[in-house]
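> Build the 3D model from these lines:
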Amino acid sequence: MFERIKNFEYLKQVGIGLASGVVALALLIAGLSISAGPVIPSSNGSNQAQNSSQPSSSATPTDNRTCSVAQAAADTTLGSMQAVVVNQATNEVLFDRNSAVPGATASTLKLLTATAALQALGPNYRVSTRVYQDAADPGTIYVLGGGDPTLSRTGPGKQSVYPDAPKLSTLAIAVNAAVKTTPITKIILDSSVFQGASWEPSWERTEQTIGYMSEVTALQVDGDRNNPQLETSPRSTTPVIRAGNWFRQALGASAVGATISLGKLPTSANQIAQVQSQPISKWILHMLQVSDNTEAEALARLVSLDEGFDGSFTSIDAAIKKALTDAGLNTTGLSIKDGSGLSANNSVPPAFFMQLMQKIFAGTDYFSVIKQALPVAGESGSLATRFKGKNLDAAGHVFAKTGWIKHGYSLVGYANAKDGTVLLFAVYALGNVTDTAKDAIDNLVAGFYRCGANLSNK
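Purely as a prediction, here's the structure:
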């Protein structure tokens, strides 16, 4: 059910200088972490850093830089703040607050999911939704979901939130042509390619009722949105059955009396129709711009299946770590519970993002896809309305993935600093925080932008 498009030439360009730089950064962070003593995660699972307003002991030993962001870093609305800033050209750690401590990432985890998907699947990977006809009973058809949540019920010439998504109407036309005058009496839906639970227990159910997240199923339509043209639209608890109902409507007169049920595709059935998704590079662009949780969870499971796992929640940690390790990243200290970052139990040290951002910024392998997809401060995606007012000078110069969960905000990316230096950064604001934490993060990152290479850790 999953296909790679072979006409894309996979170019592996890993520069020796970049590789040595990443190794140097990893060694630097590892060495500095040793001086800080062992990292002891919080017993309550929150992994929140303590004394975050003070420089951690992983600070650069000799800091002659004079541009301080101490006031912004001490803002109490940041809660338990963790942060790290690295000079991309020199790999020097300019600013560090508990960067070796694993913490909840919120939606910045989607950077890991995108990286794993590009590493394991490649940018031109597409997903098929197929329809089969029963060999013994021609009036029975099976719809086999391959893991494409973008499949759309929108009419011809109309777009869902997923640009140029495959259409149920296209699938229906092909099915009607294949069955000819045979009435369709049964539509059996097979979503078994993703195993296990369809909802992560640590997720808030309001994510579903408000409209940020669907159940995770291999067969669904428009991410199971009530309104396929709204990013935030309520979802149901029965996405597979809803997909079947919408498909019956698309089939029209040939299936007007058909029953709909869940089942398993028999090996004897014959394929009569299929549609393919857009390449996942298009998914990643949309996912990172607007933080689409449903696409992220589908990608995580596709990675799981490609890596030989079962496409379940329990497989995601091992599958994504394997893909990240294959990409040359050290996954020590990571705990991954989902693909979207919705779970507060995801735990990643900010320092890990420095390894990752080096590759993304350099466009290593296929990771230029991620670089191009990052929201831009004051201009696009989830950063379009941020970095305004007193931080307007940083607008257009900060490129980053945003994150928000009930007890945390995050921002990970890079800044083209005022002095021309490229700064890689990660900031977490965890604990008893409110929406004002976003402004505090923006203030801090704008400070990084203004300081550039002269950013002091003091």
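> Contact partners for the most centrally placed residue in the chain?
Geometric centre of the chain, nearest residue: K110, 2.3 Å, by Cα atoms, centre = their mean. For K110, the contact set (Cβ atoms under 8 Å, 6 or more residues apart in numbering) comprises M287, L288, S291, A296, G339, S340, G341, K401. (Glycine included, C-beta is placed from N, CA and C.)
> Just the element for it, please.
Assessed by DSSP states H and E, K110 sits inside helix 110-120.
> That helix - what's its average pLDDT?
Taken as a whole, helix 110-120 has a mean pLDDT of 98.
> Give the pairing partners of the helix or strand that comes right after it; include direction for each.
As assigned by DSSP H and E, the chain's next helix or strand after helix 110-120 is strand 125-133. Using DSSP bridges, the strands paired with strand 125-133 are strand 2-4 (antiparallel), strand 140-144 (antiparallel), strand 270-276 (antiparallel).
> about what we covered before: in the contacts of K110, find the pair that's most separated.
G339 and K401 (13.7 Å; Cβ to Cβ).
> do you know how far A253 is from L356?
Distance of A253 to L356, computed by Cβ to Cβ, to the nearest Å: 53 Å.
> For those two, indicate the residue with more neighbours.
Counted by other Cβ atoms under 10 Å, A253 and L356 do not tie: L356 has more neighbours, with 24 against 9.
> by contact count, what packs against the helix or strand hosting that one?
In the assignment (DSSP H and E), L356 maps to helix 350-362. On a contact count with 3 or more Cβ pairs under 8 Å, 6 or more residues apart in numbering; DSSP states H and E, helix 350-362 meets helix 16-35, strand 80-87, helix 110-120, helix 368-373, strand 408-416, strand 422-430.
> Return the list of strands paired to the second one, each annotated with direction.
For strand 80-87, sheet partners with direction are given as strand 93-97 (antiparallel), strand 422-430 (antiparallel), following DSSP bridges.
> that older thread, quick one: which of G339 and K401 has more around it?
Between G339 and K401, counting by other Cβ under 10 Å, G339 is the more crowded of the two (34 against 31).
> check contacts around the more buried one.
Neighbour list for G339: L109, K110, T113, A296, E297, A298, L299, A300, R301, I316, I320 [criterion: Cβ under 8 Å, 6+ apart].
> how about the nearest residue to it, chain neighbours excluded?
A300 (2.7 Å; Cβ to Cβ, 6 or more residues apart in numbering).
> residue boundaries of the strands in the stretch 201-350 of the chain?
Along the stretch 201-350 of the chain, counting by DSSP state E, counting those that start in this stretch, strands occupy 259-262, 270-276.
> so can I have CSV of those showing distance to A165 and mean neighbour count?
Converted to CSV, these look like this (distance: least, Cβ to Cβ, whole Å; neighbours: other Cβ atoms under 10 Å):
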stretch, distance to A165, mean neighbour count
strand 259-262, 22, 14
strand 270-276, 9, 17
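> sorry, back to before: which stretch in the strands paired with strand 125-133 has the least confidence?
strand 2-4 (a mean of 35).
> still on that earlier bit, so the residue nearest to the centre of the chain versus V127, what's the distance?
Where V127 is concerned, K110 sits at a distance of 18 Å (Cβ to Cβ).
> distance of the nearest residue to L111 once chain neighbours are set aside from T209?
Once flanking residues are discounted, L111 sits nearest to K401: 5.4 Å by Cβ to Cβ, 6+ apart. Taking Cβ to Cβ as the measure, K401 falls 25 Å from T209.
> what about the closest residue to I320 other than its chain neighbours, how many residues close to it?
Distances taken as Cβ to Cβ, 6+ apart place A116 nearest to I320, at 4.5 Å, with adjacent residues excluded. Applying the criterion other Cβ under 10 Å, we find 30 residues in the vicinity of A116.
> wait, isn't A116 in contact with D317?
No: taking contacts as Cβ atoms under 8 Å, A116 lies outside contact range of D317: 11.1 Å.
> Look through this structure and report the residue furthest from the middle.
Going by Cα atoms, centre = their mean, the residue of the chain most distant from its centre is T181, 44.4 Å out.
> measure it to A253 for me?
Using Cβ to Cβ, T181 is found at 11 Å from A253.
> mind giving me the domain split of the chain?
Domain segmentation of the chain under automatic domain parsing yields 2-120+284-454, 125-278.
> Pick the most buried one from these.
domain 2-120+284-454 (a mean of 20; mean count of other Cβ atoms under 10 Å).
> can you give me the offset of that one from its chain's centre?
12 Å (Cα atoms, centre = their mean, to the nearest Å).
> Please determine how far the residue nearest to the centre of the chain is located from I272.
K110 is 36 Å from I272, where distance means Cβ to Cβ.
> Ok, P149 next?
Counting by Cβ to Cβ, the separation of P149 from I272 is 23 Å.
> Please, where are all the helices along the stretch 101-250 of the chain?
Listed in chain order, the helices of the stretch 101-250 of the chain (DSSP state H, counting those that start in this stretch) span 110-120, 168-179, 206-210, 239-251.
> For those, give me CSV that also has distance to G389.
Shown next, in CSV, are these (distance: least, Cβ to Cβ, whole Å):
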stretch, distance to G389
helix 110-120, 27
helix 168-179, 45
helix 206-210, 28
helix 239-251, 41
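> Which of these sits closest to F425?
With Cβ to Cβ as the criterion, F425 lies closest to helix 110-120 of the helices of the stretch 101-250 of the chain, at 12.8 Å.
> Report the angle between that closest one and strand 422-430.
Compare the direction of helix 110-120 with that of strand 422-430 by axes from the mean of the first three to the mean of the last three Cα atoms, to 10 degrees and you get 120 degrees.
> rewinding a little: just give me the lowest mean pLDDT stretch among the helices and strands packed on helix 350-362.
When the helices and strands packed on helix 350-362 are compared on mean pLDDT, helix 16-35 scores lowest, with a mean of 37.
> now the next helix or strand after that one: mean pLDDT?
Going down the chain from helix 16-35, the next helix or strand is helix 70-73, by DSSP H and E. For helix 70-73, mean pLDDT rounds to 98.
> now for helix 70-73, which elements pack on it?
Here helix 70-73 touches helix 436-451, going by 3+ Cβ pairs under 8 Å, 6+ apart.
> Give me the contact list for the helix it packs on.
Identification of contacts with helix 436-451 by Cβ under 8 Å, 6+ apart yields 65, 67-69, 72-73, 75, 77-79, 83, 85, 95, 377, 386-387, 390-391, 393-394, 397-398, 400, 404, 409-411, 415, 417-418, 423, 425, 427, 429, 455.
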